[in-house]
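1. what's the 3D shape of this:
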Amino acid sequence: MTVLWHGTRAVGICVFTSAPRCLAERNRYFGLRDAARSLSLRALDRQLFALARVVVHPSYRGAGVAAAFVRRSCELAPRPWIEAQAQMGWINPFFEKAGFVRVGHATARDRDLRAYSALHAGGSRRHGRTRLVSTETHRKSRFAEPVYYVFDNRASRAGR
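-> Predicted structure coming up:
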């Protein structure tokens, strides 16, 4: 995590996480085939972070600091690649302003609960079954088509 401060007041946060196991747009962009295999997952964890959440206090939105904050947060991240997904990417070019490249987007295909869970619950298996997301989560977001972004952090890391 990185926190944006204004004096003694925290006004923003970027949260980075491990990348999800399966993501079709990532697999296409990086040319991955067996991304869900354990060897591939270990390599993925060493190379890629997911920018999971960006929150800026409402009083500071529109002040022109958020894109610079996200860019600097990504530059400080200890991974050569950062990915992000955002439904708002269709409306606001926020990630592009921060230096991300728009690579593609997820496609909603009227997924049933089991297919949706396989994609968004990490495709994890417990006792041979896919862990299901809640029916409420499925109902709210099954038609979402978030934009997929990639930030190339290799140049930032080379200077360290």
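2. which strand residues bridge Ser18?
-> For Ser18, the beta-bridge partners are Phe49 (DSSP bridges).
3. ok, it - contacts?
-> Ser18 is in contact with 45, 49-50, counting by C-beta atoms under 8 Å, 6 or more residues apart in numbering. Just so you know, the C-beta spots here come from the backbone N, C-alpha and C atoms, and that holds for glycine as well.
4. phi, psi for Gly7 please.
-> Gly7 adopts backbone torsions of phi 70, psi -120, taken as degrees, to the nearest 10.
5. run through the protein and note the low-pLDDT ranges.
-> Residues of the chain meeting the criterion pLDDT under 70: 33-40, 108-133, 138, 140-142, 157-160.
6. would you list every one of the strands in this protein?
-> Secondary structure of the chain (DSSP state E): strands located at 2-6, 9-18, 48-56, 81-86, 101-105, 125-126, 129-130, 147-152.
7. would you reformat those strands as TSV and include distance to Arg71?
-> Formatted as TSV, the strands of the chain follow (distance: least, C-beta to C-beta, whole Å):
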stretch	distance to Arg71
strand 2-6	11
strand 9-18	10
strand 48-56	11
strand 81-86	10
strand 101-105	13
strand 125-126	37
strand 129-130	36
strand 147-152	8
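8. right, and the ones you listed - which one's nearest Gly62?
-> Nearest to Gly62, of all these, is strand 48-56, at 9.4 Å by C-beta to C-beta.
9. touching, Pro80 and Ala155? I think so.
-> No - counting by C-beta atoms under 8 Å, Pro80 stays clear of Ala155, with 9.4 Å between them.
10. of those two, who's got more company?
-> Shown here are Pro80 and Ala155; by other C-beta atoms under 10 Å, Pro80 has more neighbours (17 against 9).
11. nearest spatial neighbour of that one, skipping sequence neighbours?
-> Spatially, and ignoring its direct neighbours in sequence, Pro80 is nearest to Arg154 (4.6 Å; C-beta to C-beta, 6 or more residues apart in numbering).
12. what about the one you found, how many residues nearby?
-> Arg154 has 10 nearby residues by other C-beta under 10 Å.
13. please tell me how far it sits from Pro58.
-> 34 Å (C-beta to C-beta, to the nearest Å).
14. one more: Arg139?
-> Taking C-beta to C-beta, one finds Arg139 at 27 Å from Pro58.
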